[in-house]
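**Q** model this:
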Amino acid sequence: MKSAIEELFFGEIQPNVSDYGENPRVKKAERILCENEDVLLKLLNGKEKKLFVELVNAQGEVDGNRVMEHFVCGFKLGARIIIESIADAG
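**A** Next up, the predicted model:
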């Protein structure tokens with residue numbers, strides 16, 4: 001049996017890939033997001049369209065960085081809990 005570290009190394013554990021599966025709230029929000037983005041891209045031209053695309057891209061970058069920061073924070077918290085548990089057991 002591989003260790004979790006080995007699984008992480010070989011890409012068998014991918015904490016950065018989220019599958020929300022059948023969560024209806026997420027699916028509905030994604031559908032609304034895509035539909036509204038498509039409508040706005042058809043309505044906008046020139047400078048306005050460029051600004052909207054830049055806004056969407058910047059929001060994606062901000063969201064991605066926040067997700068990464070939350071993951072790191074959660075990982076560190078888990079490590080702290082393990083360390084404290086081991087220290088208290090001795």
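**Q** how about the helices in this structure?
**A** All helices of the chain, identified by DSSP state H, fall at 4-9, 24-43, 46-89.
**Q** for residue 15, find the nearest of the ones you listed.
**A** For the helices of the chain, the distance to residue 15 is smallest for helix 46-89, at 6.1 Å, taking C-beta to C-beta. The C-beta positions use only the backbone N, C-alpha and C, and glycine is treated the same way.
**Q** packing partners for that closest one?
**A** Helices and strands touching helix 46-89, as assessed by 3 or more C-beta pairs under 8 Å, 6 or more residues apart in numbering; DSSP states H and E, comprise helix 24-43.
**Q** which residues does the helix it packs on contact?
**A** Residues outside helix 24-43 that contact it (C-beta atoms under 8 Å, 6 or more residues apart in numbering): 20, 49, 52, 53, 56.
**Q** hmm, back to that, which of the helices of the chain comes out lowest on mean pLDDT?
**A** Lowest mean pLDDT within these: helix 4-9, a mean of 87.
**Q** now the contacts of helix 24-43 in CSV, with distance to residue 67 and neighbour count?
**A** What follows is those, written out as CSV (distance: C-beta to C-beta, whole Å; neighbours: other C-beta atoms under 10 Å):
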residue, distance to residue 67, neighbour count
20, 13, 11
49, 27, 14
52, 23, 15
53, 21, 14
56, 17, 14
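**Q** farthest pair within those residues?
**A** 20 and 49 (29.3 Å).
**Q** residues in contact with the residue nearest the centre of the chain?
**A** Residue closest to the average C-alpha location in the chain (C-alpha atoms, centre = their mean): residue 67, at 4.6 Å. Applying C-beta under 8 Å, 6+ apart to residue 67 gives the contacts residue 16.
**Q** now swap in the one 4 residues further on and tell me
**A** For residue 71, the residues meeting the contact criterion (C-beta under 8 Å, 6+ apart) are 15, 16.
**Q** how close does it get to residue 48?
**A** In this view, residue 71 and residue 48 are 35 Å apart by C-beta to C-beta, to the nearest Å.
**Q** residue 61 versus residue 41, what's the distance?
**A** 19 Å.
**Q** swap in residue 7?
**A** 29 Å.
**Q** more neighbours: which of the two?
**A** More crowded of residue 7 and residue 61, by other C-beta atoms under 10 Å: residue 7, with 13 against 10.
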